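>>> Quick one, structure for this:
(2 chains)
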Amino acid sequence: MGIYYDFLSALGPMLEVCLVWRLLRKEMRWRYPYLLAYVVFCLFGTELVLLVTRRILTEYSYQVIYWRLEIVGLLFRFAVVWEILRHTPLRFQMSSRRTSPRPGLAAGWAGGIAITALIWWRAYLSFHSHLLALECSLGLAQTVLVLVPLLLIRWRGLSISRNLWGLALGFGAYISTDILHFALFDISQSSTYFRAAVPTTFGLMLAFWTWALWNYAPDPRPVPAREEAGAEDLDWWTVRWEQARTAARKVANP
Amino acid sequence: MTVIISFAVLGFLLLCSFLFIGFWDFTAEAEESVAADAVKQMVKLEGLAFPGTVVFADDSDYRLLLTRPELRGTARKLRRSRRELSLAWIAMLRTDLKSLYRFRRFLVEHGASAGLGEELKIAGAFLLTFLLLEWGELVVRIAGPYAMRSMGRRVRAVVDLMSYAPALALSRIPRSSWPELQQSWAGGRA
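Numbers count the residues shown, from 1 in each chain, chains lettered A, B, ... in the order given. Purely as a prediction, here's the structure:
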């Protein structure tokens, strides 16, 4: 198990460096600033700090720092949610079709569910640890905020870029797994499973992000159909040609 | 305990939802129509721009002229001129194809990165299209312009399809840089 932990400890920073490199390329630069901030925080604010504190501090102090950084990271994940939301094509649809109240209504629903999850006070009474309750309730809010736009995009028949698709899917799957893990951890208190499962899913999310963000893919926007112009040219030509043929037939059969 | 279990169940259900969404293909690799239009604006494609290619392969007027013995000479002249026009059009399409390939290389040099697999696939597609044009020219030279009746439309469609190769590369470059690229490309050709 020790080798596996070491592998995970090395894999996370490697993938984060890789992601930062891809996000800082010319065509991707400043397109995903909130995501970049989150990845940089994970790299320097979490991985590096934990690597140092594990070696120089006691086990108790390490745990305290780990959970504090975990809470900061949890709040920082809203930056990723915002990054996903600001790139969704629903933003353009909502601004161009103000007569349709459906996207606004759905966004309202999403916000309502998110706030409900956030203030779900019973969770804080049921969980053994308030930190675990916070992880689950905020995680649920973040997942809903990502899932609802994806469902709306699908429902409205819109398209999204591969970058955004990978970002939203990887993030949503990771947070969902996190909710499951933290709930199971609160029930079973099995630290071995917890210590392996959470970094593994985080590593999987980073790997998925790296794959999805490897090449730049711009966000598609609705474009007007331009096939009519070609059809008009063809019609014009056909009419002229029919006239020419009629004239030739008259010449051939006077 | 019920709340904790409900969180676990919710987490599992949400994970299933995201995995299910993963199977939906609603991504758009590129703004194909926008980028394809932009490619056709940036690169001068004379062969593709010509709308009356179907006319070359239409032999109804030729047959009409052949029915009159005194007009058979005119029919032969018409056939010859159609043959020359068809060959000229194929040459234009070949030039278009070369321009599209060069433009794609130009875009790759200016930051539109592509993997080795994609490069090989596109190079193969360009080569096959080039061979198709050679075959079309051979058919016209041997069998005459009217043998191109169905082939002409297909050849044009294939060359038109190849304009999506540079469009894909162009879509990987931010749209704000497109005018600069257009100027650079036009400047390089001048």
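
>>> How far off centre is the host helix or strand of residue A:52?
Per DSSP states H and E: residue A:52 is located in helix A:49-56. From the chain centre to the centre of helix A:49-56 is a distance of 29 Å (Cα atoms, centre = their mean, to the nearest Å).

>>> if we look at it, which residues are touching it?
With contact meaning Cβ atoms under 8 Å, 6 or more residues apart in numbering or on different chains, helix A:49-56 is reached by A:9, A:61-62, A:65-66, A:69. Just so you know, the C-beta spots here come from the backbone N, C-alpha and C atoms, and that holds for glycine as well.

>>> farthest pair in those residues?
A:9 and A:61 (18.5 Å; Cβ to Cβ).

>>> out of these two, which sits in the more crowded spot?
Neighbours per residue, other Cβ atoms under 10 Å in any protein chain shown: of residue A:9 and residue A:61, the larger number sits with residue A:9, 16 against 12.

>>> after the host helix or strand of the more buried one, next one along is what?
If you go by DSSP H and E, residue A:9 is part of helix A:2-23. Next helix or strand after helix A:2-23 toward the C-terminus (DSSP H and E): helix A:33-40.

>>> I'd like the average pLDDT over that next one.
Helix A:33-40 shows a mean pLDDT of 92.

>>> Equivalent analysis for stretch A:47-57, please.
Stretch A:47-57 comes out at a mean pLDDT of 84.

>>> Just the C-alphas of that stretch, formatted as CSV.
Output of stretch A:47-57 as CSV, limited to C-alpha atoms (Å, rounded to 0.1, in the frame of the first residue of the first chain):
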residue,chain,number,x,y,z
GLU,A,47,0.6,19.1,-2.6
LEU,A,48,3.7,21.1,-1.9
VAL,A,49,2.7,22.2,1.6
LEU,A,50,1.5,18.7,2.6
LEU,A,51,4.7,17.2,1.3
VAL,A,52,6.8,19.6,3.4
THR,A,53,4.6,19.4,6.6
ARG,A,54,4.5,15.6,6.5
ARG,A,55,8.2,15.5,6.9
ILE,A,56,8.7,18.3,9.5
LEU,A,57,5.5,18.3,11.6
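
>>> Give me the pLDDT value at the closest residue to residue B:59 other than its chain neighbours.
Distance criterion Cβ to Cβ, 6 or more residues apart in numbering or on different chains; nearest residue to residue B:59, sequence neighbours excluded, is residue B:146 at 4.1 Å. For residue B:146, the model assigns a pLDDT of 75.

>>> where exactly do the helices run in chain B?
B:2-22, B:32-42, B:46-49, B:53-56, B:60-66, B:72-109, B:116-143, B:151-162, B:164-170, B:178-189 (DSSP state H).

>>> And the second one, what does it pack against?
Which is helix B:32-42. With contacts taken as 3 or more Cβ pairs under 8 Å, 6 or more residues apart in numbering or on different chains; DSSP states H and E, helix B:32-42 sits against helix B:72-109, helix B:164-170, helix B:178-189.

>>> outside of that helix, which residues touch it?
Residues outside helix B:32-42 that contact it (Cβ under 8 Å, 6+ apart) are A:221, A:223, A:226, B:48-49, B:100, B:103, B:163-164, B:166-168, B:170-171, B:178, B:181-182, B:185-186.

>>> and these, which are buried?
B:48, B:100, B:103, B:163-164, B:166-168, B:170-171, B:178, B:181, B:185 (16 or more other Cβ atoms under 10 Å in any protein chain shown).

>>> give the contact list for the residue nearest the centre of chain A.
With distances taken as Cα atoms, centre = their mean, residue A:168 lies nearest the centre of chain A, 2.2 Å away. Neighbour list for residue A:168: A:84, A:146, A:149-150, A:160 [criterion: Cβ under 8 Å, 6+ apart].

>>> How about residue B:84?
Applying Cβ under 8 Å, 6+ apart, no residues contact residue B:84.

>>> how much space is there between it and residue B:144?
If you measure residue B:84 against residue B:144 using Cβ to Cβ, to the nearest Å, the figure is 11 Å.

>>> okay, now residue A:189: neighbour count?
Count around residue A:189 with other Cβ under 10 Å applied: 10.

>>> Relative to chain B, how far out is it?
Between residue A:189 and chain B the distance, using Cβ to the nearest Cβ, to the nearest Å, works out to 12 Å.

>>> low-scoring stretches of chain A, by residue?
A:1, A:90-107, A:109-110, A:112-123, A:157, A:190-191, A:219-254 (pLDDT under 70).

>>> Would you mind splitting it into its domains for me?
A:2-223, A:226-254 (automatic domain parsing).
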